[in-house]
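[1] how does the following fold in three dimensions:
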Amino acid sequence: MAEDFQSIQFESKRGIAVATISHPPINLITLSLFRELAALAQAVEEDSEIRVLILKSALPDFFLAHFDVEAILQFDTKGPAERSKFNAFHALCERFRTMDVVTIAQVEGRVGGGGSELISAFDMRFGVMGQTIINQMEVPIGILPGGGGTQRLPRLMGTGRALEVILGGIDLDAATAERWGYLNRALSRDEIGPYVATLAGRIASFPSEAVQLAKRAVHRAEDPLAEGLIEEDFLFQRLLRTEDAQQSMRRFLDQGGQTPEGERRIAELSLEVATTKS
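    So this is what the prediction gives:
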């Protein structure tokens, strides 16, 4: 399975799998990368030797960007929005959250939108002072976080702070993200690699069943998450059907979204999108 990856470098040794995303220029979650992330989850689940998964980025400035807005604009919006079951992105996030393998995100660079939602489902997140930046840019472009952000962020940082991030479209720096509970720790660039590797090694050395059941027990504290995810998807689908959302997403792309320059200033860009009417 791992040899089929085009945008993910995968290696596994002594119970620790390291998946490094390399999808320049910004690690945008295109449909192809989404499929590879799903294949990654499957590969990890099927390998009984893997105890810990570390997700990293090969790009110095970007960890994992949002879902491809161009692809979102192609979503089927015929007919009314309906409450149903998990969408495909929810299912992927839940797969990482509930797998017996411990999942760790080593966040060096920007993470935003769906990228942030994906790692919010991971067991732990570690960032770099002065380098890690978190952003949810959906509301400024007319939609809402539809990959679990409205449900997971309040659980990580509290309702008020989650609303500040989601409604404000602000950049959240590593020090604040650590203080608010999004990041486990904000470390220096030299510290993060050795720290995460040491922690992963400790966990991988412990009795596997004890680790698996302890993780399962801790995540039971988040119940009932499923109902909230279904409601989030319904509201996302409603917004996606509005003319304002379609126009805002198109302006986002036209004004530099999904380019390295635009993504580096995404908080400012999203405000420009929201205040510029075509």
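[2] what helices and strands are in contact with the helix or strand that Leu199 is a member of?
    Using DSSP states H and E, Leu199 sits in helix 189-205. Helix 189-205 sits against strand 16-21, strand 52-57, strand 102-107, strand 124-128, with contacts defined as 3 or more CB pairs under 8 Å, 6 or more residues apart in numbering; DSSP states H and E. The way it works is simple: take the backbone N, C-alpha and C, and place the C-beta from them, glycine included.
[3] which one, of those, ends up nearest to Lys78?
    Between Lys78 and the helices and strands packed on helix 189-205, the tightest spacing by CB to CB is seen for strand 16-21, at 33.2 Å.
[4] angle of the helix holding Leu199 against strand 52-57?
    What separates the directions of helix 189-205 and strand 52-57 is an angle of 160 degrees, with axes from the mean of the first three to the mean of the last three CA atoms, to 10 degrees.
[5] other SSEs contacting the helix or strand that helix 189-205 is followed by?
    As assigned by DSSP H and E, the chain's next helix or strand after helix 189-205 is helix 208-219. If contacts are counted by 3+ CB pairs under 8 Å, 6+ apart, helix 208-219 sits against helix 88-98.
[6] pull out the buried positions in the helix it packs on.
    For helix 88-98, a neighbour-count test (16 or more other CB atoms under 10 Å) marks Phe89, His90, Leu92, Cys93, Glu94, Arg95, Phe96, Arg97 as buried.
[7] how much space between the second one and Phe236?
    Applying CB to CB, to the nearest Å, one obtains 10 Å for the distance of His90 from Phe236.
[8] ok, the last one next?
    With the distance defined as CB to CB, Arg97 ends up 19 Å from Phe236.
[9] give the contact list for Leu167.
    Residues in contact with Leu167 (CB atoms under 8 Å, 6 or more residues apart in numbering) are Val139.
[10] what number of residues lie near Val111?
    Val111 has 30 neighbours, counted by other CB atoms under 10 Å.
[11] just give the closest residue to it, not the sequence neighbours.
    Nearest non-adjacent residue to Val111, counting by CB to CB, 6 or more residues apart in numbering: Phe63, 4.4 Å away.
[12] tell me who's in contact with the one you found.
    Ile21, Asn27, Lys56, Ser57, Ala105, Val107, Glu108, Gly109, Arg110, Val111, Gly115, Thr132.
[13] C-terminal to the helix or strand hosting it, what's the next element?
    According to DSSP H and E, Phe63 maps onto strand 62-64. The helix or strand immediately downstream of strand 62-64 is helix 69-72, counting by DSSP H and E.
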